[in-house]
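> only the shape, not the letters, is given here:
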Ligand SMILES: Nc1nc2c(ncn2[C@@H]2O[C@H](COP(=O)(O)OP(=O)(O)OP(=O)(O)O)[C@@H](O)[C@H]2O)c(=O)[nH]1
């Protein structure tokens, strides 16, 4: 009998910490893992963050794995099993993906893998700033076997208790683990052996988010870029990518008004901007960025 490879889906809203979790898993999980990534936006940033970690990965490209890429997903999974034969496969979906169609597809159509579990990463800070959980967020919470309530360093104990209550009201069977920077014992995430049967999805997924990208070969002035990041508040919910300053290269992350820069070996500047009506501001944002060029 052919043994099916266990597959774990990582989902969760934009900027909640999915890539942070993947980096943590790759640093601490001793088995051979293959990763499949689906990104929102035309420039693949997460793939480049993970690359170089000595891991096999496949990039599903821009688009939504839950809507248009199911065929590509199946092909990529089969190819990984054939060529890499990993102990585990991990799929990181975009922050705007609804996992029900993907879970159903894995259950019904994928003969080489079995769904081990769904891990949903939740941004505690964003849950306080934007308490209304939208349709996509709700689907991501409902699908979870394990919820990482992440960014606990940014909110109070009382706020955490409120968020846990809300998460429980959407999903009372998932275990909720509080984390900072997704630091969790990775053994808790694997070997779940999910048995829940996913009913066919009634998929009406209409992502409300738009995105655009920007690349330049120019070196950016770090002080002007910091001013730019402070000014980004309106319309942009999420931005990420690489920036080149005169003193080196950095990974830039902006989520719900907070941003940080981390030294990162990736040459050049390429950024993605995501927000509900962000394309209306594309010209303005790019002209502000050009002012940062030295
Ligand atoms: N303060 C704080 N920041 C965190 C924590 N976890 C992650 N971050 C930061 O949150 C930002 C977004 O993290 P990512 O891991 O890139 O989020 P993501 O879910 O992969 O983002 P998308 O793929 O764009 O949806 C980064 O700046 C992280 O450093 C945390 O526990 N506390």
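Received, thanks. Since we're looking at a predicted model, the values are computed, not measured. Numbers count the residues shown, from 1 in each chain.
> switch to C-alpha atoms for all contacts and neighbour counts from now on
Noted.
> the stretch 151-294 of the chain against the ligand: which residues are in contact?
Contact residues (C-alpha under 6 Å from any ligand atom) of the stretch 151-294 of the chain with the ligand: 151, 152, 153, 154, 180, 181, 182, 253, 260.
> please indicate which of those residues are buried?
Buried members of those, counted by 16 or more other C-alpha atoms under 10 Å: 151, 152, 181, 182, 253.
> farthest pair within these?
152 and 253 (17.8 Å; C-alpha to C-alpha).
> picking up where we left off before, ok, the residues of the stretch 151-294 of the chain next to the ligand vs residue 3, which is closest?
residue 182 (30.1 Å).
> is the helix or strand that residue 10 is a member of in proximity to the ligand?
Element membership of residue 10 [criterion: DSSP states H and E] is strand 5-11. No: counting by C-alpha under 6 Å from any ligand atom, the ligand has no neighbours in strand 5-11; the shortest distance is 7.9 Å.
> now the element after that strand, going C-ward?
helix 18-28.
> still on that earlier bit, closest to residue 73 among the buried ones among the residues of the stretch 151-294 of the chain next to the ligand?
residue 182 (25.8 Å).
> quick one: buried residues of stretch 166-180?
For stretch 166-180, using 16+ other C-alpha under 10 Å, the buried residues are 167, 168, 171, 174, 176, 177, 178, 179.
> sitting in helices, which of those do you find?
Using DSSP state H, the subset of those located in helices is 167, 168.
> identify the farthest-apart pair in the buried residues of stretch 166-180.
Within the buried residues of stretch 166-180, 171 and 179 form the most distant pair, 18.5 Å apart (C-alpha to C-alpha).
> the longest strand seen in the chain - what's its average pLDDT?
The longest strand of the chain (DSSP state E) is strand 113-123. In this model, strand 113-123 has a mean pLDDT of 97.
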